[in-house]
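Q: generate coordinates for the sequence data below:
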Amino acid sequence: MRASHIHDDWGGAYIPEILHQTFLELNEQVGAARADASFWAEYQRLMAEYSCRPTPLTFAENLSKHFGGARIYIKREDLNHTGAHKANNVIGQGLLVQRMGKKRVIAETGAGQHGVACATMAAKFGFDCAIYMGAVDVQRQRPNVFWMEKLGAKVVAVEDGQRTLKDAINEAFRDWVTNVDTTHYVFGTACGPAPFPELVAWLQSIISKESIIQIRERCGKLPKRIYACVGGGSNALGAFYEYLDTDVELIGVEAGGDGLSTGRHAARLASDDASPGIAQGYKTMFLQNADGQMRETHSVAAGLDYVGVSPILVDLWQKKRVRFEAATDTEVMAALDLTVKKEGIIPALESAHAFVQAFKEAPSLSPDDAIIINMSGRGDKDIFTIASAYDDPSWRAFIIEKAAEYRQGGR
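A: Numbering: from 1, shown residues only. Model (predicted):
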């Protein structure tokens with residue numbers, strides 16, 4: 001990230017002594033890669049050949065007509081390999097692992113998209129791979145667990161704590177401390193100890209490096225606003241990166257869960273419930289109680305229920321460069337349903353949070369304005385959660401029938 005967008009009040013590297021040398025080496029490798037034009041050239045080549053980049057910027061004509069006001073464009077990270085923006089980060093970190101000469105990678109995952117992407121990268125590069133995933137997320141994202149295992153990764157269900165993303169991160173750090181000489185931790189979002197926030201944001205910047213060219217070609221000017229969901233913050237920072245020094249409005253949308261007043265949400269910056277803290281190797285805004293104990297979070301989207309948020313986004317929020325809003329589970333399901341029926345596009349539940357806020361604001365803008373929604377992933381992975389939220393009777397009957405077949409030993 002540009003130096004002007006980092007503040008000493010946030011981030012840092014609060015790490016155990018055993019990892020000190022590892023982080024020195026990692027910082028050196030990241031610095032060398034960023035200074036080496038051939039690294040980015042190789043990264044772009046690999047992303048083009050392996051991950052179908054550049055991803056399209058799709059004009060959502062039907063939604064634009066439905067709402068009136070601004071023209072709505074969707075940046076299609078769902079068409080990236082493995083179905084989400086996560087491939088951008090893991091392929092870049094895979095190239096770094098090669099440079100470092102390590103043979104094993106570990107990762108944490110919430111919704112499972114980062115886990116699948118990391119397992120895919122490990123298969124391609126020939127690395128051993130272990131994925132840590134909260135036991136709750138293992139259950140609600142079973143299709144992603146299936147694919148991680150088929151790709152050759154070992155999936156470890158974490159039973160500690162709330163059994164979600166923060167607990168998976170804790171377990172991954174324990175593994176790394178034990179196996180530091182052979183293993184690289186492929187951090188999945190723009191959080192954690194430095195240099196991970198800046199590294200992940202830089203690799204994800206490929207999103208906005210493409211979209212800023214695409215929107216100029218389509219509209220002859222920059223968009224009025226860009227919307228992105230925010231869990232840890234990697235897709236949002238990728239979508240915002242090239243626009244930080246422009247006057248484009250940047251809006252991050254967090255998980256409002258059952259509503260901010262209920263306490264059952266994961267909104268760090270769109271609510272008054274977060275406070276500064278240090279955990280998992282860095283300083284940011286956490287949802288925590290007065291004693292510094294992390295609070296339970298809730299979201300229909302497994303990838304947005306993290307208790308912290310990228311320190312880079314906290315800095316941009318403090319500087320009022322990025323505005324933060326929250327979308328409730330009910331609003332998310334309604335936005336997903338409308339997008340599916342109007343455009344034939346199925347956003348991931350995480351991505352649908354960004355659609356909610358864009359839909360609220362598009363009607364008040366001019367037809368001369370364009371807005372971009374960063375669709376961070378596709379909704380195929382969420383079929384169990386979405387079908388349950390719809391209370392779809394045919395899906396329920398299908399699951400009951402399949403369960404009966406398995407009990408009887410059938411196929």
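
Q: next, count neighbours for residue 135.
A: 17 (other C-beta atoms under 10 Å). From N, CA and C alone the C-beta is placed, and that goes for glycine too.

Q: that one touches residue 157, doesn't it?
A: Yes. Applying C-beta atoms under 8 Å, one finds residue 135 in contact with residue 157, separated by 4.5 Å.

Q: so what's the gap between stretch 252-269 and the chain middle?
A: Using C-alpha atoms, centre = their mean, to the nearest Å, we find the averaged C-alpha position of stretch 252-269 to lie 17 Å away from the chain's own average C-alpha position.

Q: I should have written stretch 46-60 there, sorry.
A: Between the mean C-alpha point of stretch 46-60 and the mean C-alpha point of its chain there is a distance of 17 Å (C-alpha atoms, centre = their mean).

Q: just the C-alphas of that stretch, formatted as CSV.
A: Presented in CSV, the C-alpha positions along stretch 46-60 are these (Å, rounded to 0.1, in the frame of the first residue of the first chain):
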residue,chain,number,x,y,z
LEU,A,46,0.0,-16.7,-14.3
MET,A,47,-3.3,-15.1,-13.3
ALA,A,48,-4.2,-14.7,-17.0
GLU,A,49,-3.4,-18.2,-18.0
TYR,A,50,-4.6,-20.0,-14.8
SER,A,51,-7.3,-17.8,-13.4
CYS,A,52,-9.0,-16.2,-16.4
ARG,A,53,-8.0,-12.6,-15.7
PRO,A,54,-8.9,-9.9,-16.4
THR,A,55,-12.3,-10.5,-15.0
PRO,A,56,-15.1,-8.7,-16.8
LEU,A,57,-16.8,-5.5,-15.7
THR,A,58,-20.5,-6.4,-16.4
PHE,A,59,-23.1,-3.7,-17.0
ALA,A,60,-26.2,-4.7,-15.0
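
Q: which residues sit against that stretch?
A: Here stretch 46-60 makes contact (C-beta atoms under 8 Å, 6 or more residues apart in numbering) with 44, 71-77, 79-82, 87-88, 91, 95, 124, 206-207, 210-211, 214-215, 218, 339, 342-343, 345, 372-373.

Q: please indicate which of the residues you listed are buried?
A: Under a neighbour-count criterion of 16 or more other C-beta atoms under 10 Å, the subset of the contacts of stretch 46-60 counted as buried comprises 71-77, 79-82, 87-88, 91, 95, 206-207, 210-211, 214-215, 339, 342-343, 345, 372-373.

Q: from those, which land in helices?
A: Restricting those to those inside helices, with DSSP state H as the criterion, leaves 87-88, 91, 95, 206-207, 210-211, 214-215, 339, 342-343.

Q: just those now: which is nearest residue 366?
A: Sorting those by distance to residue 366 puts residue 215 at the head of the list, at 15.8 Å, by C-beta to C-beta.

Q: report how many residues lie close to the residue lying closest to the closest one once chain neighbours are set aside.
A: Of all residues beyond its chain neighbours, the one nearest residue 215 is residue 223 (5.4 Å), with distances taken as C-beta to C-beta, 6 or more residues apart in numbering. A count of nearby residues for residue 223, using other C-beta under 10 Å, gives 24.

Q: longest strand anywhere in the chain?
A: When the chain is parsed with DSSP state E, its longest strand is strand 249-257.

Q: from the chain's centroid, how far away is it?
A: Averaging C-alpha coordinates over strand 249-257 and over its chain gives two centres that are 13 Å apart (C-alpha atoms, centre = their mean).

Q: before we move on, the earlier item: the residue nearest to residue 215 and residue 63, how far apart?
A: 15 Å (C-beta to C-beta, to the nearest Å).

Q: follow-up on the earlier one: confidence score at the residue nearest to residue 215?
A: At residue 223, the predicted lDDT confidence score is 98.

Q: list the contacts for it?
A: By C-beta under 8 Å, 6+ apart, the contact set of residue 223 is 73, 215, 248, 369, 370, 371, 372.

Q: for those, give me a markdown table that also has pLDDT and distance to residue 383.
A: Shown next, in a markdown table, are the contacts of residue 223 (pLDDT from 0 to 100; distance: C-beta to C-beta, whole Å):
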| residue | pLDDT | distance to residue 383 |
| --- | --- | --- |
| 73 | 99 | 26 |
| 215 | 98 | 31 |
| 248 | 98 | 34 |
| 369 | 98 | 34 |
| 370 | 98 | 31 |
| 371 | 98 | 28 |
| 372 | 99 | 26 |
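
Q: could you identify the most distant pair in the residues you listed?
A: Set against one another by C-beta to C-beta, the contacts of residue 223 have their most distant pair in 73 and 248, with a gap of 12.7 Å.

Q: and the helix or strand containing residue 46, what's buried?
A: Assignment of secondary structure by DSSP states H and E places residue 46 within helix 37-51. In terms of neighbour count (16+ other C-beta under 10 Å), helix 37-51 has its buried residues at 39, 40, 43, 46, 47, 51.
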